[in-house]
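In: turn this into a model:
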Amino acid sequence: MWRRTLLPRGSVLLALFILSITGGCNLFSSAKAPREVASYDARTFFETVSVFGASFTADETAILYTSNLTGVLNVYRQPLSGGPVEQLTHSESDACVVVSCFPADERFLYTSDQGGDELNHLHVMERNGRPRDLTPGRELKASFAGWTRDGKSFFVNSNERDRRYFDLYRYRSDTYSREMVYRNEEGYSVSAVSGDGRWVALGKQRNNEDSDIYLYEIGGASELVHVTPHQGFVSHSVLDFTPDGGELIYLTNGHGEFDQAWAFDVRTDTHRRVLEADWDVSFVTFSHDGKYRISGINADARSVIRVEETGTGREIRFPRVGAGDIGGVTVSRSESKIAFSLNGDTSPSNLFWLDLDSGRYRRLTDTLNPAIDPGSLVEGRVIRYSSFDQLPIPALEYRPHAASEEHRVPALVWVHGGPGGQSRHGYNPTLQYLVNHGFAVLAVNNRGSSGYGKTFNHMDDRRHGEVDLQDCVYARKYLETLPWVDGDRIGIIGGSYGGYMVAAALAFEPDAFEVGIDIFGVTNWVRTLDSIPAWWSSFRDALYAEMGDPATDRERLERISPLFHAANIKKPLLVIQGRNDPRVLKAESDELVDAVRSGGVHVEYVLFDDEGHGFRKKENQITAAEAYVAFLDRFLKGGDQGKP
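Out: The predicted model follows:
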């Protein structure tokens, strides 16, 4: 929930031109002959290991990363030379996620919350292997904000003083003594700190289309430097400081539909364009001394990463290590090594490292469960289909290997979270499990999704449950045109905002889908917006601008909230929820389940006591996936109407 990116989202004019070429057309359907493949249970798919967050150790002989190898996220150490991996944190309940290695010794920083409540604390693992909470206390949330260039200090954001706002603290690396260096009284977001410890970059959200950037000088004048004065609605977001602290790199949509990267020179108060593309620029960052610049482009739901020498522009070529997208690029402090990951629809993320001097590289992980034949997995295919108003809608289409005109398969419309998220290429064990069990999946990027231009991104503002819902209904109509899909057996599935779309589809378009799977979806927008966590206060106006203010827009919010129209639901429904979810409260799912059951409609409810917004524990992920397929086998494949 709440994945709306409040920034420019690409040139919709070019995107719509591209979309119009292929909208709704099936000219490019896979020509591969249908074939039977091995069928695997949910546990087999989820025994594939997740890895992310590489950080080089101080001596650059190993990489630390986060993995769910034991079923719960913990921190691991992998030598660059190969050899056995070493587990460094040993939580059996709460996710531990590595943040950064210390620059001069074997200590490292990591975060952990409690049961998915998102109240993260920052911890250090000491040299003796004992953890220490650097941000103790109750009901607070903290995050790492960067190192000084000399490594003698690091910065931490914490809302311990005022739950609404995050102050900035500077910690000494040796003693962990700290001082507040920025007191946040105005609801700014603390976004970056320069390596010399002089400048703090602050973001200020005005609404979901307009934001600004300011600079605060630590120990300097109290007045803020306004980096992005502008007219009208323009979105801006902080990326990074250059290593010398002389420039702030930021994103803006003030020069077109796409996000572009620009630089503000703190010495001359001048701006320059750094990077633009025919899609959104996702990020720009630098190696420790600035020898390399790393950038990313969000190109039609996949990542395009480039590493180049800052002085010459020479691009560093990654070795050909397999199909998928390069991501997670980290350059070592000495600037002699790169860690990166490779991820694709049929290949879960694996970590590699590359020696920039010799060109040698090594694969450090092998995450796909060896019991799975990679040939049984399915690549997503980018398509466009026409919605109710002829607007082309991007989507990723996943076709089971056995699907054919002679063997038509049931299908699911898959709706991402948000508002404003994006369905993207990449390995998804739940999706692959569904396809492996004979369900086609169409992962839609309905209007309001990010990645396709700022105009497309804002087409659903205050029209949620209306135009975006119709995009999902017309996704079904597209699926009905495919000769290998059984047009009488189509359901809808989604999580968070996607879960809202599921409930909205069943309540407001009760004949559009045969079944729905609502995964921690919003059902009552009035309560959801009233219960925004305190630490989101700086984004409250932006959320209200997009969804509506419950104080003034209650009638419309109730009109688009499925809970108030649950009597319309007549198709079988599966609801999945985490008890500790701070974004979509458990009450949202409880009340929807009760209301639909009171109407005599079949509802199944799976509640996880130890999860929040999104399920991190492997056993819970397996249980949820098994529930999806069991429900779909009965009510979509089997045609059970769920009536008493």
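
In: going by C-alpha atoms from here, please, whenever you check contacts or count neighbours.
Out: Noted.

In: and the next element down the chain from the helix or strand of the chain with the lowest mean pLDDT?
Out: Ranked by mean pLDDT, DSSP states H and E, the weakest helix or strand in the chain is helix 12-22, scoring a mean of 28. The helix or strand immediately downstream of helix 12-22 is helix 42-46, counting by DSSP states H and E.

In: can you show me the CA trace of that next one as CSV?
Out: Provided in CSV are the C-alpha atoms of helix 42-46 (Å, rounded to 0.1, in the frame of the first residue of the first chain):
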residue,chain,number,x,y,z
ALA,A,42,4.3,-24.2,-3.3
ARG,A,43,7.1,-25.3,-1.0
THR,A,44,9.2,-26.2,-4.0
PHE,A,45,8.8,-22.7,-5.4
PHE,A,46,9.4,-21.0,-2.1
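
In: give me the residues contacting that helix.
Out: Residues outside helix 42-46 that contact it (Cα atoms under 8 Å, 6 or more residues apart in numbering) are 369, 371-372, 429-430, 432-433, 618, 621-622, 625-626.

In: go with 7 Å
Out: Applying Cα atoms under 7 Å, 6 or more residues apart in numbering, the set of residues contacting helix 42-46 from outside is 369, 429, 433, 618, 622, 625-626.

In: report the buried residues of the strand or helix carrying Thr455.
Out: Using DSSP H and E, Thr455 sits in helix 454-457. Going by neighbour count (16 or more other Cα atoms under 10 Å), the buried part of helix 454-457 is 454-457.

In: using PDB, write out every CA atom in it.
Out: The C-alpha coordinates for helix 454-457 follow below in PDB (Å, rounded to 0.1, in the frame of the first residue of the first chain):
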ATOM      1  CA  LYS A 454       3.400  11.700 -15.400                       C
ATOM      2  CA  THR A 455       0.100  12.100 -17.300                       C
ATOM      3  CA  PHE A 456      -0.600   8.400 -17.200                       C
ATOM      4  CA  ASN A 457       0.500   8.300 -13.600                       C
END
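
In: after that helix comes which helix or strand?
Out: helix 467-480.

In: what's that following helix packed up against?
Out: strand 485-495 (3 or more Cα pairs under 7 Å, 6 or more residues apart in numbering; DSSP states H and E).

In: within its sheet, name the partner strands of the strand it packs on and how each one runs.
Out: With DSSP bridges as the test, strand 485-495 is paired with strand 409-415 (parallel), strand 516-519 (parallel).

In: can you show me the helices along the chain?
Out: 12-22, 42-46, 429-436, 454-457, 467-480, 497-508, 525-530, 540-547, 554-559, 586-598, 618-632 (DSSP state H).

In: deepest in the core, which of the ones you listed is it.
Out: For the helices of the chain, the largest average neighbour count (mean count of other Cα atoms under 10 Å) is found in helix 497-508, namely a mean of 28.

In: counting by contacts, list what it packs against.
Out: strand 485-495, strand 516-519.

In: just those strands: most buried one?
Out: Most buried among those, counting by mean count of other Cα under 10 Å: strand 516-519, with a mean of 28.

In: please enumerate residues in contact with it?
Out: Contacts for strand 516-519 (Cα under 7 Å, 6+ apart): 491-496, 499, 502-503, 572-577.

In: go with 6 Å
Out: 491-495, 499, 502, 573-576 (Cα atoms under 6 Å, 6 or more residues apart in numbering).

In: same check on stretch 56-64?
Out: 54-55, 76-80, 101, 103-105.

In: now the helix holding Thr455: average pLDDT?
Out: Averaging pLDDT along helix 454-457 yields 96.

In: same for that helix, what does it pack against?
Out: The contact analysis (3 or more Cα pairs under 6 Å, 6 or more residues apart in numbering; DSSP states H and E) places helix 454-457 against no helix or strand.
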